[in-house]
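Student: Need the 3D shape of this:
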Amino acid sequence: MSASAPLILVADDVEANVELLVDQLETLGFRTVVARDAPAALAASVEHRPDLAILDVSMPAGDLGVRDRDAGFEVCRRLKRDARTARMPVIFVTALGDTTDRVKAIEAGADDFLTKPHHRLVLNARVRALLKLKGATDALEESLRRLRELQKVRDDLMKMIVHDLKTPLASVLATLEMMRDGDFGAISEPQVRALSDAEGKAEDLLALIEDLLEVARIEEQTITLNPEPIAPAALLAEIVYDWGLRFQQEGASATTDATDDAPVFAADKVLVKRVLSNLVQNAITHSAGPVRIALGARSDTNGILLTVADDGPGIPTEYQEIIFRKFERVRSPNAPRVRSSGLGLTFCRLAVESHGGRIWVKSTEGEGSTFYVQLPLEPREPPRLASRTGEFPVMSRAGDNVAPVPGRA
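Tutor: Alright, predicted model coming up:
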C-alpha cells in the first residue's frame, strides 16, 4: 500500500468490528491505525495525525470522565476542540441507531453517522467525500497562511520605507524653506511661488508618512489613548472655527446642532477631532461646487452619536462599505476628479474602533451623504482590529478617499 494513501483511525473495542473495518478500508486503498478505547483514540489522533477517524459510540472511556456508553461522543468533542485535530473528519459507525444518538453525534461535531451493519460501498463513498472536503479545506488554510505571511512582509516593507523617507524629506523641506527665505541669494516672485508650492507638496507628503506610521500603531494596538472630557457643542464649534478660512475660500458653509441631551463623553480629543476634520475635508474635496455641511451631536443608547452631513454628490450604495478599507478608492460619476491615497476613511474607522465605537455612512447619489460616528461615554476595549480580509487601514489628512464623502442629513 502506498505510503501516501490516506490514513484512517479506527476506534472500536470489539475485535470483530475492527477487523471488518480495517479489511474494508485497506481493500479500498486506505492505510489504518487502530485504537481500542477512548484514551488510545485521542493519543493515536495526536501521534499519527490521521486524515479521518471512524469511531464507535460505546467503548471503554478510561479517565475521560464519561460513561462508556458515551465515550465516542467525548472523543469526538475533544478532537474538534484540539487545534491539531479540529479539521479531521469524524464518522460514527455504530449499532446505535436511535435519533437521540444521531443528535448527540451532531452536537459532538461528527461529520457523518453510519449504522451497523453498513455497506462497504457506502462507507467508501462517505470516506472519500469527507477526505476530498478536508483536502480542499487544508488547501484553503495553507493559502490563507501564505497570504498572511505575504501581508506581513508587505507591512514590514512599508514601515521600513516610511521610516527611511522621513529623514531625507525633512532635509528637502528645510532646503526649500531656506531657498524661499532667500538664504542662498535673492529670488524672483515666480520662483518664490514655485518654491512655496513645492514646500506645500513636501509637507503633504510628510503628513502622509506620519499618517501611515500612526495607523500602523493603531492596527497593532500599540497606540495609547489619552481620554479627556469632551463637550459635544464645544467640539463642533472648534471644528467649524478651525475650518473657517477654508470654508471662505471654497464658498462652503457649515452649521452645528448639538442637542440638549448630547452628553459629555471621554475620548482622545486629538483623534476625534481628526476624524471629524477628515470627514469635513472629504466633503469639501469631493464636491464640485460650494457645499453645505451640517455637524451634529445627540445622545445615543450606546453613548453619543456625532454626524457629519453634506449636500455633495453622494456615494453609490455598493461602495458604502468598502470606502472604509485601506487604499480603496471609489469614484462616482457625479464627483469631481481628485487625487487621493485612499487612506482617510480608513483612519476614521480605526480611530473610532480604538475607542470601542463604530462609524458608518448613509448616502444617496446626487443628494449627499451622512456619516455617523458612534462613541461610548468612556473608551472601552474595542473588537480585535485585525485586518479584515487583507485590509490595511491607514490614515489621511484631508480628503484622502476618492469616494465622495458626507451628505445631507
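Student: make it CA atoms for all contacts and neighbour counts henceforth
Tutor: OK.
Student: biggest helix in this structure, by residue count?
Tutor: Taking DSSP state H as the criterion, the chain has its longest helix at helix 120-180.
Student: what separates stretch 58-66 from the chain centre, distance-wise?
Tutor: 42 Å (Cα atoms, centre = their mean, to the nearest Å).
Student: Buried residues in it, which are they?
Tutor: Of the residues in stretch 58-66, 58-61 count as buried by neighbour count, 16 or more other Cα atoms under 10 Å.
Student: Next, give me the two most distant ones among those.
Tutor: Distances among the buried residues of stretch 58-66 were taken as Cα to Cα; the most separated pair is Ser58 and Ala61, at 8.4 Å.
Student: Can you pull the residues that touch both of those two?
Tutor: Residues touching both Ser58 and Ala61 (Cα atoms under 8 Å, 6 or more residues apart in numbering): 68, 70-71.
Student: Now Arg77: closest residue in space that isn't a chain neighbour?
Tutor: Nearest-residue entry for Arg77: Ala108, 4.9 Å, with adjacent residues in sequence omitted and distances by Cα to Cα, 6 or more residues apart in numbering.
Student: residues contacting that neighbour?
Tutor: Per Cα under 8 Å, 6+ apart, neighbours of Ala108: 73-74, 76-77.
Student: that older thread, and the longest helix of the chain, what does it pack onto?
Tutor: In terms of contacts (3 or more Cα pairs under 8 Å, 6 or more residues apart in numbering; DSSP states H and E), helix 120-180 is packed against helix 189-219.
Student: Give me the next element, helix or strand, following the helix it packs on.
Tutor: strand 227-230 (DSSP states H and E).
Student: Tell me the first helix or strand C-terminal of that next one.
Tutor: Following strand 227-230 in sequence, per DSSP H and E, is helix 232-242.
Student: Just the shared contacts of Ser58 and Ala61: which are in helices?
Tutor: Checking those against DSSP H, those in helices are Ala71.
Student: Report the helix or strand with the lowest average pLDDT across the chain.
Tutor: helix 189-219 (a mean of 77; mean pLDDT, DSSP states H and E).
Student: which secondary structure elements does it contact?
Tutor: helix 120-180, helix 344-354.
Student: neighbours around Asp268, how many?
Tutor: By the measure other Cα atoms under 10 Å, the count of residues near Asp268 is 19.
Student: Would you mind putting the CA coordinates of stretch 6-16 into CSV?
Tutor: C-alpha atoms of stretch 6-16 as CSV (Å, rounded to 0.1, in the frame of the first residue of the first chain):
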residue,chain,number,x,y,z
PRO,A,6,-4.9,8.5,3.4
LEU,A,7,-4.6,7.2,7.0
ILE,A,8,-7.8,6.2,8.8
LEU,A,9,-8.1,5.9,12.5
VAL,A,10,-10.5,3.0,13.6
ALA,A,11,-11.6,3.2,17.2
ASP,A,12,-13.7,0.3,18.5
ASP,A,13,-13.4,-2.1,21.4
VAL,A,14,-14.9,-5.1,19.5
GLU,A,15,-12.2,-7.1,17.7
ALA,A,16,-14.6,-8.4,15.0
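Student: Any idea how far that stretch is from the middle of the chain?
Tutor: 42 Å.
Student: what comes up buried for that stretch?
Tutor: By 16+ other Cα under 10 Å, the buried positions in stretch 6-16 come out as 7-13.
Student: now swap in stretch 372-380 and tell me
Tutor: Those buried within stretch 372-380 under the rule 16+ other Cα under 10 Å are 372-379.
Student: Next: stretch 271-280.
Tutor: Buried positions in stretch 271-280, judged by neighbour count with 16+ other Cα under 10 Å: 271-272, 274-280.
Student: so Asp37 makes contact with Ala61?
Tutor: Yes - Asp37 sits in contact with Ala61 when judged by Cα atoms under 8 Å, with a separation of 6.5 Å.
Student: and which of the buried residues of stretch 58-66 is nearest to Leu121?
Tutor: The closest of those to Leu121 turns out to be Ser58 (Cα to Cα; 24.0 Å).
Student: who's in contact with the closest residue to Asp37 other than its chain neighbours?
Tutor: Using Cα to Cα, 6+ apart and skipping residues adjacent in sequence, the residue nearest Asp37 is Pro60, 5.0 Å away. By Cα under 8 Å, 6+ apart, the contact set of Pro60 is 13, 36-38, 68, 71.
Student: Check Ala252 too.
Tutor: 284, 290-293.
Student: pLDDT weak spots in the stretch 301-409 of the chain?
Tutor: Where the stretch 301-409 of the chain drops to pLDDT under 70, the residues are 326-343, 381-409.
Student: show me where it has strands.
Tutor: For the stretch 301-409 of the chain, the strands defined by DSSP state E, counting those that start in this stretch occupy 303-310, 358-364, 368-375.
Student: Now tabulate those in CSV and tack on distance to Leu206.
Tutor: Shown next, in CSV, are those (distance: least, Cα to Cα, whole Å):
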stretch, distance to Leu206
strand 303-310, 27
strand 358-364, 27
strand 368-375, 27
